[in-house]
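Trainee: have a look; sequence and predicted model below, questions after that.
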Amino acid sequence: MSAAGDVAARATAGFRQRYGAEPAGRWAAPGRVNLIGEHTDYNDGFVLPFALPLRTVVAAALADDGRWSVWSELDDEPVEFGPAGADEPGRVDGWAAYVAGVVWALRAAGHDVPGARLAVASDVPVGSGLSSSAAIEAAVLAALVDLGGLDLPADRWPRLAQRAENDYVGAPTGIMDQSAVIRGRSGHALFLDCRTEEVEQIPFDLDAAGLAMLVVDSRAPHRHADGEYAARRKSCERAAKALGVAALRDVATADLDAALARLDDPETRRRVRHVVTEDQRVLDTVELLRAGRIRDIGPLLTASHASMRDDFEITVPEIDTAVEAALAAGAYGARMTGGGFGGCVLALVDADAADAVAAAVAAAYADRGFTAPHTLPVLPAGGATRLD
Ligand code: GAF
């Protein structure tokens, strides 16, 4: 993994090589992890993600022909689409669909998007559950808004990027990832109410507390992740309907048992219990962080993991192994982060224990014959921005 400077240099070099010209500027957006609040966003609930120091950079310039051309390190040749009006969902697929989706969502919202040439480089690993898709959406959005002089304040970007992902790419995600990578702030976790889109920046100074947050990339192959995600979402929506509420966020913790008693299906009961208890864990985590008690959030992280494993049923053996090994090696708390069925684990550890915890996870993996995990310590970084 390289420093942000390198990724920006790669985007510029790619632009020069593909288009034989200088970019007009460079825009960056990060990946994210979610500290707590999983599968609560599309239930109108609460989440607490933070942006990562790993970034996607887009070097870009206006194009006179009113078309869009985008090159990425993932491919040899640029993908071209447009002109305006010829960009309906389904026209572009693969990684470039996230770019075409942003153009389409902007146009659908009535913005006059300028044709552009773009070159994309990224340090956000693809397929690790760190939101490489939200990163490319946000970086491209930032570039097009600036290049086109569009009147679009950044607090409206997450919904547009989500629209690109939902209605162009076809992934029925919530609004957490786009919000984290756009509205995240260095040194803070983003407390987001997904119904009102109100945010509060919660100080999260791991260094000052002598702590580290490890991100363990489980390297687990994503097994049926898309279909299972959509199934969880449907199940939550059905449950809300059965309970007569707009979304599961409207089931208060105090009313959970009564709500569960009204549901016949044990699986649906487990799904509801996860979402309602997870919302409460987010609120409890925020309270502790407001009081500066970072270590004390550990048990909430671990409880969140147990709920995802037993009630929402979205973990896999590699992920559970990483969580158990981190806890056994002294982590204050550990949990899977992101949509599930693979992806990454977070472990909150004393800074001076980080290496030992990482080694313990690697040893547990070796024992089980799993592909060796990648582990790196992370700090909350800033959201989407223009670099130069
Ligand atoms: C994925 C989705 F994109 C988010 O919207 C969210 O639902 C998350 O899974 C689970 O919390 O990252």
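Mentor: Nice, I can see it.
Trainee: the protein: strands as residue ranges?
Mentor: Listed in chain order, the strands of the chain (DSSP state E) span 25-34, 46-47, 49-62, 68-72, 79-81, 116-122, 188-193, 199-203, 211-217, 333-337, 344-350, 374-378, 385-386.
Trainee: for the stretch 251-388 of the chain, which residues are neighbours of the ligand?
Mentor: Taking Cβ under 6 Å from any ligand atom as the criterion, the stretch 251-388 of the chain approaches the ligand at residues Gly338, Gly339. From N, CA and C alone the C-beta is placed, and that goes for glycine too.
Trainee: what's the closest non-adjacent residue to the one residue in the stretch 251-388 of the chain that gets nearest to the ligand?
Mentor: Nearest to the ligand, among the residues of the stretch 251-388 of the chain, is Gly339, at 3.1 Å (Cβ to the nearest ligand atom). Leaving aside its sequence neighbours, Gly339 sits nearest to Tyr229 (Cβ to Cβ, 6 or more residues apart in numbering; 5.3 Å).
Trainee: next one: Asp296
Mentor: Asp296 sits nearest to Leu288 (Cβ to Cβ, 6+ apart), 5.0 Å away.
Trainee: where does that neighbour land on pLDDT?
Mentor: Looking at Leu288, its pLDDT is 98.
Trainee: which residues does it contact?
Mentor: Applying Cβ atoms under 8 Å, 6 or more residues apart in numbering, we find Leu288 in contact with Ile294, Asp296, Ile297, Leu300.
Trainee: orientation of the lengthiest helix in the chain relative to strand 199-203 in degrees?
Mentor: Identified as the longest helix of the chain according to DSSP state H is helix 266-290. Helix 266-290 runs at 60 degrees relative to strand 199-203, counting by axes from the mean of the first three to the mean of the last three Cα atoms, to 10 degrees.
Trainee: sorry, back to before: got a winner among the contacts of Leu288 for most neighbours?
Mentor: Taking other Cβ atoms under 10 Å as the neighbour criterion, Ile297 ranks highest of the contacts of Leu288 with 24 neighbours.
Trainee: so what pLDDT did it get?
Mentor: Ile297 is assigned a pLDDT of 99 by the prediction.
Trainee: that one contacts Thr285, correct?
Mentor: Yes. When contacts are counted by Cβ atoms under 8 Å, Ile297 is listed as touching Thr285 (4.9 Å).
Trainee: what do the two both touch?
Mentor: Contact criterion Cβ under 8 Å, 6+ apart; residues shared by Ile297 and Thr285: Leu35, Ile36.
Trainee: can you list the buried residues in the longest helix of the chain?
Mentor: The neighbour-count check on helix 266-290 (16 or more other Cβ atoms under 10 Å) flags 268-286, 288-289 as buried.
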